[in-house]
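>>> 3D, please:
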Amino acid sequence: MTQPYVALTDYALSLECLVFAFLLTPVRLFQDARFWFFIFFSSVAASSLVGGTVHGFFEQPSFTGTRILWPMTMLGIGVTALAGAQAAKELIGPKFKSAFANLLIYGAFCVYCGTVLFINSSFLIAILGYLPAILILGFALIKNYLRTKNKPFLFGFLGLSVILFASAIQQAKILDASQRNVIYHLIQAVGLFMVFITARTTQGKVSS
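Below is the predicted model:
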């Protein structure tokens, strides 16, 4: 392995999210926030698995595996952002459920995919790509918490804050890239667990 600790923490993150997705297996497709949280964790599991393989075995940009697998990782992160935005739409309620909202969400996803495939596939683009979804989902969670005082909503909001903190560390230049990625994965795992606690208790609950 070229970066064993990065690859192993990526694989651990993938396994964690795979378990979360299994526990969130939905009954009604496309009908509530829980389904979109299922997609959220499934896509994180997939992108972490592929990303870990790149870091572990295809680190050189000249490798054919890198040119194929890294864009797949980036696209998986785009799916995560899309799922997060859709979960937020379900949690916010009827005011946000519209064709225009879907147009914005899927339009942003298409712009992101075009950017990472044809313009820039650096991880900073991935962070900028999922930042709006995290902010919208955070708004939806805190709005539901203030309405219901249901603590899992607050727990999920804090989990998203942890993920943003992890993203900031990943971009910090005070450590080398390998150390930053390992720390990013470990902190992200904590944040994702907190979001899962929220997702597990969510059954189409929306704010009014």
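>>> which residues of this structure score low on pLDDT?
Within the chain, the stretches with pLDDT under 70 are 27-31, 60-65, 94-97, 203-208.
>>> which helix is the longest one in it?
Longest helix in the chain, counting residues (DSSP state H): helix 64-92.
>>> Report the buried residues of that helix.
Of the residues in helix 64-92, 66, 69-92 count as buried by neighbour count, 16 or more other CB atoms under 10 Å. The C-beta positions use only the backbone N, C-alpha and C, and glycine is treated the same way.
>>> Packing partners of it?
Taking 3 or more CB pairs under 8 Å, 6 or more residues apart in numbering; DSSP states H and E as contact, the helices and strands that helix 64-92 lies on are helix 33-57, helix 99-118, helix 123-148.
>>> what residues are up against Leu192?
Counting by CB atoms under 8 Å, 6 or more residues apart in numbering, Leu192 touches Leu13, Glu16, Cys17, Phe20, Phe41, Val44, Gly159, Ile163.
>>> run the last query once more with 7 Å
With contact set as CB atoms under 7 Å, 6 or more residues apart in numbering, Leu192 has these partners: Glu16, Cys17, Val44, Gly159.
>>> so where does Glu59 fall, helix or strand?
Counting by DSSP states H and E, no helix or strand carries Glu59.
>>> circling back: how many degrees apart are the longest helix of the chain and helix 123-148 in direction?
Relative orientation of helix 64-92 versus helix 123-148 (axes from the mean of the first three to the mean of the last three CA atoms, to 10 degrees): 20 degrees.
>>> what's the neighbour count on the nearest residue to Gly191 once chain neighbours are set aside?
Nearest residue to Gly191, sequence neighbours excluded (CB to CB, 6 or more residues apart in numbering): Val162, at 3.4 Å. By the criterion of other CB atoms under 10 Å, Val162 has 18 neighbours.
>>> Isn't Val162 up against Val190?
Yes. With contact defined as CB atoms under 7 Å, Val162 counts as touching Val190 (5.7 Å).
>>> The residue sitting nearest the centre point of the chain and Ala133: what is the separation?
Nearest residue to the geometric centre of the chain (CA atoms, centre = their mean): Thr80, 4.3 Å. Distance, Thr80 to Ala133, using CB to CB, to the nearest Å: 8 Å.
>>> same question, Leu158
The gap separating Leu158 from Ala133 is 17 Å, by CB to CB.
>>> between these two, which one's more packed in?
With neighbours defined as other CB under 10 Å, Leu158 and Ala133 compare such that Ala133 has more, 24 against 17.
>>> Contact partners for that one?
Ala81, Gly84, Ala85.
>>> Make TSV out of the residues you listed and add distance to Asn181.
Output for the contacts of Ala133, formatted as TSV (distance: CB to CB, whole Å):
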residue	distance to Asn181
Ala81	19
Gly84	21
Ala85	25
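>>> Please verify my assumption that the residue nearest to the centre of the chain contacts Phe40.
Yes. Contact criterion CB under 7 Å: Thr80 and Phe40 qualify, at 5.7 Å.
>>> Report the angle between the helix or strand harbouring Tyr11 and helix 64-92.
If you go by DSSP H and E, Tyr11 is part of helix 4-23. Computed by the same axes, to 10 degrees, the angle separating helix 4-23 from helix 64-92 equals 40 degrees.
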